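Novice: sharing a model prediction with you, sequence too.
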Amino acid sequence: MSFQSVLKSGDEFLSEYRPPSTNSRLFNYLSQITCVAVIAGSKLIVNMVYDPQITGLEKLDAALARARRENRGLITIMNHMSVADDPFLWATLPWRYYKDVDDIRWGLGAANLCFSNKVLSTFFTLGKVLKTERFGRGPFQGSLDAAVRLLSPDDTLSLAFQPGQQNQSLKWYSPLWKILRTNQSSALSVEAKKLLGYGLQQDYVQPILRRKTSWVHIFPEGYVAQLEPPHSNSMRYFRWGTSRLILEPTVAPIVVPIFSQGFELIYPESSAEDGMDRFFPQNRGAHIRITVGDPVDDSVIAGFREKWNQLCHKYYDRESPGQMSEELKFGKEARALRANVSSFLRNLVSDLRTSTGLRAEDPRLKTHEFWHAYTHSKGVSSPDVKFIGKNWAIKEYQKNVKDYDEFGNEIS
């Protein structure tokens, strides 16, 4: 259940992120060239220097095919062990995943790192990465709205929330991509505009050119986490913005968990400040293991979305029903639902982790409360939990970071 304001905000973010002149086959071509070049280099390193193995690839194949067949978005979620996670993860996939730019995943990247200058911004934009602000900006920002929009097929935008409307978002809709373009251009037909519910006051131009539903990959922890034994390969809590991608697309996405191990050996955080060593892969011959899990049962996703639907009808803004109300953003019930969804997703990845033979995680590490106290005390609250390198969730360790108030508004 999405709000029209969220969908439009996502459109606006994508339009600014990819200027109107880039809404073209040429931009998609350049984007695909960039992604394929990076994947080729990553494959060269991973296959020549390391020992990669992926288990459960057929599950990802089937999920992607079903997402396209049922006109739904696809979300993959994975633990975040290293700066090598993306793109080296994609180097373990077959080349068939890169034959079409629409088959290449979208991702979220830290603004202060991936978009700190024009060259990097251009590179990561072409690499289908959305600029995401951390350290206080919160889950209600343009990149998350854009991800919700990407996961909402273009012919289902009319399903945006309306008071008293039946919850249609639990149904699957047949693809209508053929009517979404006039003469194969990016301009939508009148029929499509009516379907989208955006009105006919002005021409509506899609911010991205696509002919398939989109795939969004996220690292819900938000930061790289490398812990010393006995907590090796354990995870932080999953940040609550992740739940927006489950609850808010116009139709329910297909969700696939992934667990990785071994990428932390390629770029250990202990080398983060070791000059040139940071830029050269370490530990030649290390084993890299990727485990793809089963897609989340549709009924579970439907249950979470039904709870969100009930909250939307209970707490919508009577004066501006197309806007997400403050209660739906920051209210106790809405926050609890997002926390439950994120916790559920983390448990899925944690179960995959255990299935690989690793010892069970310390239960403390699953909670927001533990990490809040740990990060704010710089580890003093739990001295037995030690990072390899730095805990990058500590703001002062990172550069180019903006300040925000408790509601995510930038402080000048």
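Specialist: Cool, the structure landed. Note that the structure is a prediction, hence the values are computed from the model and not measured. Numbers count the residues shown, from 1 in each chain.
Novice: show me where the protein has strands.
Specialist: 51-55, 74-78, 106-110, 129-132, 215-218, 254-261, 287-292 (DSSP state E).
Novice: out of those strands, flag the one nearest residue 374.
Specialist: strand 106-110 (20.1 Å; CB to CB). C-beta coordinates here come from the backbone N, C-alpha and C atoms, glycine included.
Novice: list the helices and strands the closest one packs on?
Specialist: When contacts are defined as 3 or more CB pairs under 8 Å, 6 or more residues apart in numbering; DSSP states H and E, strand 106-110 packs onto strand 129-132, helix 142-150, strand 215-218.
Novice: what is the least confident helix or strand in the protein?
Specialist: Every helix and strand in the chain was compared by mean pLDDT, DSSP states H and E; the lowest is helix 190-196, with a mean of 50.
Novice: pretty sure residue 15 sits against residue 207.
Specialist: Yes - when contacts are counted by CB atoms under 8 Å, residue 15 is listed as touching residue 207 (4.3 Å).
Novice: neighbour count for those two, which is higher?
Specialist: The neighbour comparison of residue 15 against residue 207 (other CB atoms under 10 Å) goes to residue 207, with 22 against 17.
Novice: now do the same contact list for that one.
Specialist: Counting by CB atoms under 8 Å, 6 or more residues apart in numbering, residue 207 touches 11-12, 14-15, 17-18, 23.
Novice: among the helices and strands packed on strand 106-110, which comes closest to residue 97?
Specialist: Proximity to residue 97, assessed across the helices and strands packed on strand 106-110 by CB to CB, is greatest for strand 215-218 (9.5 Å).
Novice: report the lowest-confidence entry in the contacts of residue 207.
Specialist: For those, the weakest pLDDT value sits at residue 23, with 59.
Novice: tell me which residues are up against stretch 351-364.
Specialist: 79, 230-235, 257-259, 261, 289, 291, 293, 350, 370, 382, 385.
Novice: repeat the analysis, applying 7 Å as the threshold.
Specialist: Stretch 351-364 has contacts (CB atoms under 7 Å, 6 or more residues apart in numbering) with 231, 233-234, 257, 259, 261, 289, 291, 293, 350, 370.
Novice: check which residues of it are buried.
Specialist: 352-353, 361, 364 (16 or more other CB atoms under 10 Å).
Novice: cool, stretch 370-390 as well?
Specialist: Under 16+ other CB under 10 Å, the buried positions of stretch 370-390 are 370-371, 374-375, 379, 385, 387-388, 390.
Novice: so who does residue 349 touch?
Specialist: So residue 349 contacts 77-79, 235, 257, 259 (CB under 7 Å, 6+ apart).
Novice: give me the PyMOL select line for those residues, limited to the buried ones.
Specialist: Selection of buried members from the contacts of residue 349 for PyMOL, criterion 16+ other CB under 10 Å:
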select buried, resi 77+78+79+235+257+259
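Novice: from the buried residues of stretch 370-390, which single one is nearest residue 146?
Specialist: Looking across the buried residues of stretch 370-390 and measuring by CB to CB, the closest to residue 146 is residue 371, at 26.1 Å.
Novice: so the closest one touches residue 239, yeah?
Specialist: No - using CB atoms under 7 Å, residue 371 makes no contact with residue 239, being 9.9 Å away.
Novice: need the contact list for residue 374.
Specialist: Contacts of residue 374 (CB under 7 Å, 6+ apart): 381-382, 385.
Novice: kindly reformat those residues as CSV containing distance to residue 338.
Specialist: Below are the contacts of residue 374 laid out as CSV (distance: CB to CB, whole Å):
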residue, distance to residue 338
381, 24
382, 25
385, 25
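Novice: name the nearest of these relative to residue 124.
Specialist: Of all those, residue 124 sits closest to residue 385, with 31.4 Å by CB to CB.
Novice: skipping adjacent residues, who's closest to residue 67 in space?
Specialist: The spatial neighbour of residue 67 that comes closest, neighbours along the chain excluded (CB to CB, 6 or more residues apart in numbering), is residue 74 at 4.1 Å.
Novice: ok, and the closest non-adjacent residue to residue 243?
Specialist: Among residues not flanking residue 243 along the chain, residue 341 sits closest, at 3.7 Å (CB to CB, 6+ apart).
Novice: neighbours of the one you found, how many?
Specialist: 24.
Novice: hang on, it packs against residue 304?
Specialist: Yes - proximity of residue 341 to residue 304 meets the contact threshold set by CB under 7 Å, at 5.3 Å.
Novice: next, the distance between the ends of stretch 211-226.
Specialist: 39 Å (CA to CA, to the nearest Å).
Novice: same question for stretch 65-73.
Specialist: Chord length of stretch 65-73, first to last residue, is 11 Å (CA to CA).
Novice: before we move on, what about stretch 88-104?
Specialist: 14 Å.
Novice: in that stretch, what counts as buried?
Specialist: 88-93, 97-98, 101-102, 104.
Novice: which two among those are spaced furthest apart?
Specialist: Using CB to CB, these span at most 22.2 Å, a distance reached by 88 and 102.
Novice: farthest pair within the contacts of stretch 351-364?
Specialist: Farthest pair in the contacts of stretch 351-364, by CB to CB: 289 and 370, 26.7 Å.
Novice: from residue 13, how far out is the nearest residue to residue 73 once chain neighbours are set aside?
Specialist: Spatial nearest neighbour of residue 73, chain neighbours left out: residue 151 (3.3 Å); criterion: CB to CB, 6+ apart. Distance, residue 151 to residue 13, by CB to CB, to the nearest Å: 14 Å.
Novice: ranges for the helices of the stretch 151-300 of the chain?
Specialist: Ranges of helices in the stretch 151-300 of the chain, per DSSP state H, counting those that start in this stretch, are 190-196, 241-247, 263-266, 298-315.
Novice: go through those and name the closest to residue 346.
Specialist: Between the helices of the stretch 151-300 of the chain, helix 241-247 lies closest to residue 346; by CB to CB that is 8.9 Å.
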